[in-house]
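Q: Okay, structure incoming, though there's no sequence with it:
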């Protein structure tokens, strides 16, 4: 069901006063995720930027039942909550009509790397849990260290560029692709969302919340201090990510991949890289490698979809 | 209605499984590891054939097992998990989190030696390695106790004055896989003994709360002292629960109890399944005029006050410890606790340390007799007291 | 505000009455502040959507300007606005200007 911007509910469930950086992409995502959940959600949240900034005792921004346990176990904690809700409902200790949506939230750190095992276990066991990963492409909370989701060439404190590490890493690398992780686990729904495409974001979260079973939503989450962009560049860089093919808004449902934001003519990746300070050190050669990596990714997705939904680079 | 009370020949693991069934657990979240496996297998059997209505989580590691247990307990469900050795070590960070979050989780710990070298047999290294996690630790000496203490553990953990997770230990193989007669109580009566109560704060969309928050230096301290006080209250609450248990089921468990101690010249403190061996050895030694009482420690954490009351009467006492506390003054966890407790009360009692059974090294009756006789000779000044631990049964 | 102690704090550091972050007035972080020109604002909702802090409020305040009638208006909640500038950057009609919080001497 297509969502218009005016369908977004006014009521806030993720409140002001949190300590996220000005311009934080994750803040936008959490605010709208919480709105989409309404008063139905229980959130199991992994350690990370959002967790520490929004649950600094005695200040909590979440008008949602919320639990943080550790860094790598958001998916496992959510599994436990899902099991408890099922057991309590069956034993008549929880009313069956009460709508409850169990959600796990984690950053790329707590998902791609240390949280990978728990995620895989949760997906494989088939829990009725929506897992939302806000991907700011590094371990931002501990001070911008590289993660399994850090893109090629990005400066981080553990991938600085230098004589031996010209690209910030010694080889062109691919990010872990959660679409294929989702496929490997045969889950009913996976989607990528981007804060600059807010109605698309809502449609996907609402659809996910209506599906029974394990769902995975991968959110693009710009980080001004980590990416070395201005505080107000968050939405601009989010748009450029989609327009250059670096980020593809897609949906994987019932085994079929669909791109929800087609891009008939792509901008060259250089336009995306040049507004971010974390790519400032890249040589011409490195930019060419980056373009090639994006081209490969776009081609792979086009093949999966079965037609050219993301077009060629516009010269 | 027909009572389900009966005596069954059960292994320690099965006894624990029956206890968990009788208290109507809601969520089971455990990962198999030798020698705990038959607990989770038996529970799966109960769930599969409809005897137990619980959600069974086939988690992918022990860390996730405890994490899921935390999530489930926070949602108001009664949970159970079990592990040993490496599994306990893997879930280590979550143990502190469970106690810090004051969740009433009960875990069976089938004691097994910690690697390296990898060893699946019984010693108390895993139990001792988790002494500082803020969990209540109960140690059974036979399969009946494993069953009874598991039931009592739920009542203790869920008590509003305690609200701490509890681990019930049983010795790997020696208890877990050895069959003994166990009195299974009527399940209706057990459920009356451990009724389910609605927790004050649970994850509920109608009443949002935040759990697991960040406590900075201005806040963290108070919550930890709250845990200290809860641990202290657990001593009294356990005694109350024990009285009630006794009146219902006619069995009673002291946190620390001395047998054959009335006219003894000294006491040997023991823990776990080898209590039986030591009792048999001390009975045998009596025929030679050697009188050594056996002090059975059933509650490791919180450390019971009764220990010092009994031990301080003697100039010399002994400790038989089935684990090694590397680098500590006595190489023994138990000796450390006991000497500290004695000293804090102003007692001059000296503690002799006997370490045995490491990595499952068999404790033969002769070894137990050696310990008892050696301790007795020290108490009679026939042998010089040494502060160094004696590693009984090792080959040099 | 007096902090609780061992005797009265809810054990486990549970926050029982969220959202308590509202007591943290992050508006003090600001270096630049957004100013919405109500006459140019076309009430497209975009600034309200994109604010990471929920510091732009959508209120049922009618407004009429140049023959255009609106049922709602958007105002900045300066208690919480951190001055990131996303609202000003994304406003399609440039109705929001970022001005310095404090005038330089």
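A: All right, it came through fine. Everything numeric in this text was worked out from a predicted model, so none of it was measured.

Q: all contacts plus neighbour counts: C-alpha atoms, from now on.
A: Will do.

Q: Compute the distance between the closest residue to chain B within chain C and residue A:192, please.
A: Closest residue of chain C to chain B, CA to the nearest CA: residue C:12 (4.3 Å). Residue C:12 is 36 Å from residue A:192, where distance means CA to CA, to the nearest Å.

Q: now swap in residue B:118 and tell me
A: 44 Å.

Q: Same drill for the two, tell me which one is more crowded.
A: Neighbour tally, residue B:118 and residue A:192, criterion other CA atoms under 10 Å in any protein chain shown: the higher count belongs to residue A:192, 24 against 11.

Q: Which of the helices or strands spans the residue lying closest to that one once chain neighbours are set aside?
A: Nearest residue to residue A:192 in three dimensions, chain neighbours excluded: residue A:218, at 4.6 Å (CA to CA, 6 or more residues apart in numbering or on different chains). For residue A:218, the element it lies in under DSSP states H and E is strand A:215-220.

Q: mind listing the helices for the stretch 151-300 of chain B?
A: All helices of the stretch 151-300 of chain B, identified by DSSP state H, counting those that start in this stretch, fall at B:187-193, B:220-249, B:275-286.

Q: and residue B:234, what is it in contact with?
A: Contacts for residue B:234 (CA atoms under 8 Å, 6 or more residues apart in numbering or on different chains) come out as B:156, B:161, B:162, B:302.

Q: among the helices of the stretch 151-300 of chain B, which is the most enclosed?
A: The highest mean neighbour count among the helices of the stretch 151-300 of chain B, using mean count of other CA atoms under 10 Å in any protein chain shown, belongs to helix B:275-286: a mean of 19.

Q: just checking, what packs against that helix?
A: strand B:292-297, helix B:365-379 (3 or more CA pairs under 8 Å, 6 or more residues apart in numbering or on different chains; DSSP states H and E).

Q: residues contacting the residue in the stretch 101-250 of chain A that chain C sits nearest to?
A: As assessed by CA to the nearest CA, chain C sits closest to residue A:232 within the stretch 101-250 of chain A, at 4.2 Å. By CA under 8 Å, 6+ apart, residue A:232 lies in contact with A:23, C:84, C:85, C:86, C:87, C:89.

Q: do you know how far the residue nearest to the spatial centre of chain C is from residue A:61?
A: For chain C, the residue nearest the mean C-alpha position is residue C:55 (1.7 Å; CA atoms, centre = their mean). Distance, residue C:55 to residue A:61, by CA to CA: 13 Å.

Q: list the residues that contact both of these two?
A: Common neighbours of residue C:55 and residue A:61 (CA under 8 Å, 6+ apart) are residue A:16.

Q: before we move on, back to that, what about the contacts of residue A:232, which are in strands?
A: Per DSSP state E, strands hold no members of these.

Q: Out of those residues, the closest to residue B:214 would be?
A: residue A:23 (22.4 Å; CA to CA).

Q: pretty sure that closest one contacts residue A:231?
A: Yes: the criterion here is CA atoms under 8 Å, and residue A:23 meets it with residue A:231 at 4.8 Å.

Q: okay, and the common contacts of the two?
A: With CA under 8 Å, 6+ apart, residue A:23 and residue A:231 have common neighbours A:224, C:84, C:85, C:86.

Q: Let me know whether the third one touches residue C:98 as I believe.
A: Read that as residue C:85. Yes: between residue C:85 and residue C:98 there is a contact under CA under 8 Å: 6.7 Å.
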